Each structure stands twice: as structure tokens, then as C-alpha cells.
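> can't give you the sequence, but here's the structure:
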């Protein structure tokens, strides 16, 4: 559980810092500027800035990766990956992000998950928690 919390905080922080750094416009702004129509889903509030990278994609890929590292069942690993891909696709379908935004979000999510997993499973200061950190969140 601790590793999931640290992974979420890390991936969300990196994504937030990158969003503020790049301050990229969202698709609705870009397509309006070039006088092109854009598919909009009724009822979805359109954000205007901070498109890069996709925070939803970053979080979903971070959690997918951490769950996959702790799950022995390959079918569940595939399921986690498909869910992360669907979240990634939904961000583009809702016209909230470009492909580059969700692609970068997936890289940041997996990268932060791998870093946190390596750090938390190998850090000397965390060895006293070793029996608690390696227990799966879900037992199947």
C-alpha cells in the first residue's frame, strides 16, 4: 500500500511540474485557432491549458505498472494494461489531450513506477518494512 501512495504522489508531482513548465494549450484552443472543428462530447467541461503531459494517463500507467510488478497472474497484468490504455484513449476521445500528451504521460507513469519500485524495494532505510512492502494489495 505504501508503495502505491508514494508512486501516486511521485507521478502526480512530476506531471504537475511538467504541466506548469510547458503550459501547453489543449486541443480545443489549438483547433479553434486554426479554424477547424473538433469532436466534443456533450457535457464534458473543456480545459484550455496545461495539456502536456496527461495527468490521468500518468497516474493510470504508474498504477498499472506497480500492480503488474506485484501481480503474478499474467491475465491480470494484461487487464491492468488494457485499463491503462483505455484511460489513455479516453483522454484523446474527450478532446482533452493530443497523442503526444498521453504518450508522454505513459512514459512518465511507467518511469516513475519503476523508479519508486526499485527505490522502495532496495532502500536500506526501508528494509525494516520489507515484510509489509512486498505484500500484494489484492490477493487472487
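Happy to help now that I have it. What you see is a predicted model; the values in this text were computed from it and never measured.
> other residues contacting stretch 83-99?
26-28, 30, 38-41, 44, 46-47, 51-52, 54, 56-57, 60-61, 63-64, 101-102, 105-106, 109 (CB atoms under 8 Å, 6 or more residues apart in numbering). Every C-beta, even on glycine, is put in place using the N, C-alpha and C of the backbone.
> okay, and which of these map to helices?
Secondary structure from DSSP state H places 27-28, 30, 56-57, 60-61, 63-64, 101-102, 105-106, 109 of the contacts of stretch 83-99 in helices.
> can I get the buried part of the residues you listed as one ChimeraX selection?
In ChimeraX, this line selects whichever of those come out buried by 16 or more other CB atoms under 10 Å:
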select :27,28,56,57,60,61,63,64,101,102,105,106,109
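> could the ones in helices among the contacts of stretch 83-99 go into JSON lines alongside pLDDT and distance to residue 120?
JSON lines is the format used below for the ones in helices among the contacts of stretch 83-99 (pLDDT from 0 to 100; distance: CB to CB, whole Å):
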{"residue": "27", "pLDDT": "94", "distance to residue 120": "36"}
{"residue": "28", "pLDDT": "92", "distance to residue 120": "39"}
{"residue": "30", "pLDDT": "93", "distance to residue 120": "39"}
{"residue": "56", "pLDDT": "96", "distance to residue 120": "24"}
{"residue": "57", "pLDDT": "98", "distance to residue 120": "23"}
{"residue": "60", "pLDDT": "97", "distance to residue 120": "20"}
{"residue": "61", "pLDDT": "98", "distance to residue 120": "18"}
{"residue": "63", "pLDDT": "96", "distance to residue 120": "15"}
{"residue": "64", "pLDDT": "96", "distance to residue 120": "17"}
{"residue": "101", "pLDDT": "97", "distance to residue 120": "28"}
{"residue": "102", "pLDDT": "98", "distance to residue 120": "26"}
{"residue": "105", "pLDDT": "97", "distance to residue 120": "22"}
{"residue": "106", "pLDDT": "98", "distance to residue 120": "21"}
{"residue": "109", "pLDDT": "97", "distance to residue 120": "16"}
